[in-house]
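J.: predicted model, plus sequence, below.
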Amino acid sequence: GQLMMTVVSRGTPVTPIPIPSASEFPKLPALRAGPISNRRTIVFSDTVLPDLFFINGKPYTPDCVDAVARLGDVEEWTIQNTAREAHVFHIHQLDFQVTEINGETQPFNGYHDVVTLPPAPSDTQPSTVKVLIPFTDPVIVGDFVYHCHIIQHEDQGMMAVIRVIDPSKPIPESKMCQTTP
C-alpha cells in the first residue's frame, strides 16, 4: 500500500442531512408505452486488424456526424454486435432504457448509461440489444458521441458522433459521413 493523502476535518460539526427514501425520488417513465419517433440499427464490429474496431462499418472520424436525432424524439436503437467478444454500448449526455437482449424482453428497472452487448453467437449471427433513447432534454442539443466503453476499443475506432438538433431552429451545416436510418 501507499499513502495517497491525509484528510483532516476541522470546524463546527454540521447537522447531517437525511438521505431521501426511495419513495421521495420521482418515478422514471417507462419509455416502452410511448410513441417511437425513429428506429435505427447500429452495428459494432471487429475487423481483421487487431487494433481497429468499427461502428456501422467505419472507424471514428471526429469531424464527421454519423447520425442526427431531433430534440423531443424517443428512438429505438437495435444495437448489433457481430464480434465474437463482448462490447459495451455507452452514449454521452443521456441515459436509455434497455428493452430486449437477444430477443428476451427486459423488465423496466430504470435507465442505464451502459449496456453490455453479448458476443455474437456465431460468425453469421450477431447478438442484439434493443434500447429506447429519449432525446428529450434540451441541454443535449449539439454533438456528442456513442462508443464502446472498453477504452481500447473506443481508442481504436469504435466510436461515432451523433448530433441532436432542435427542429425549431436552423440546422447547422456539417459533414455527414454516414447517416443511420
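T.: Yep, it's here. Numbering: from 1, shown residues only.
J.: could you pull out the helices for this protein?
T.: Applying DSSP state H to the chain gives helices spanning 151-155.
J.: so, low pLDDT: which residues of it?
T.: Flagging of the chain using pLDDT under 70 yields the residue ranges 172, 174-176, 178-181.
J.: at the geometric centre of it, which residue sits there?
T.: I91 (2.5 Å; Cα atoms, centre = their mean).
J.: let me see the contact set for I162.
T.: The contact partners of I162, by Cβ atoms under 8 Å, 6 or more residues apart in numbering, come to V65, D66, A67, V68, A69, I91, D143, F144, V145, Y146. For every residue, glycine as well, the C-beta is placed using N, CA and C.
J.: try 6 Å
T.: Contacts for I162 (Cβ atoms under 6 Å, 6 or more residues apart in numbering) come out as A67.
J.: pairing partners for it in the sheet, please.
T.: Counting by DSSP bridges, I162 forms beta bridges with A67, F144.
J.: what about it, distance to H92?
T.: Distance, I162 to H92, using Cβ to Cβ, to the nearest Å: 9 Å.
J.: how many neighbouring residues does H90 have?
T.: By other Cβ atoms under 10 Å, 18 other residues sit near H90.
J.: if I look at it, how far off is G1?
T.: Between H90 and G1 the computed distance is 32 Å (Cβ to Cβ).
J.: OK, contacts around D95?
T.: Neighbours of D95 in contact, by Cβ under 6 Å, 6+ apart: Y111, D113.
J.: next up, the contacts around the closest residue in space to S37 that isn't next to it in sequence.
T.: Nearest non-adjacent residue to S37, counting by Cβ to Cβ, 6 or more residues apart in numbering: D73, 3.6 Å away. By Cβ under 6 Å, 6+ apart, D73 lies in contact with S37, N38, F135.
J.: would you list the residues you listed in CSV and tack on neighbour count and distance to G110?
T.: Output for the contacts of D73, formatted as CSV (neighbours: other Cβ atoms under 10 Å; distance: Cβ to Cβ, whole Å):
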residue, neighbour count, distance to G110
S37, 14, 22
N38, 17, 23
F135, 20, 18
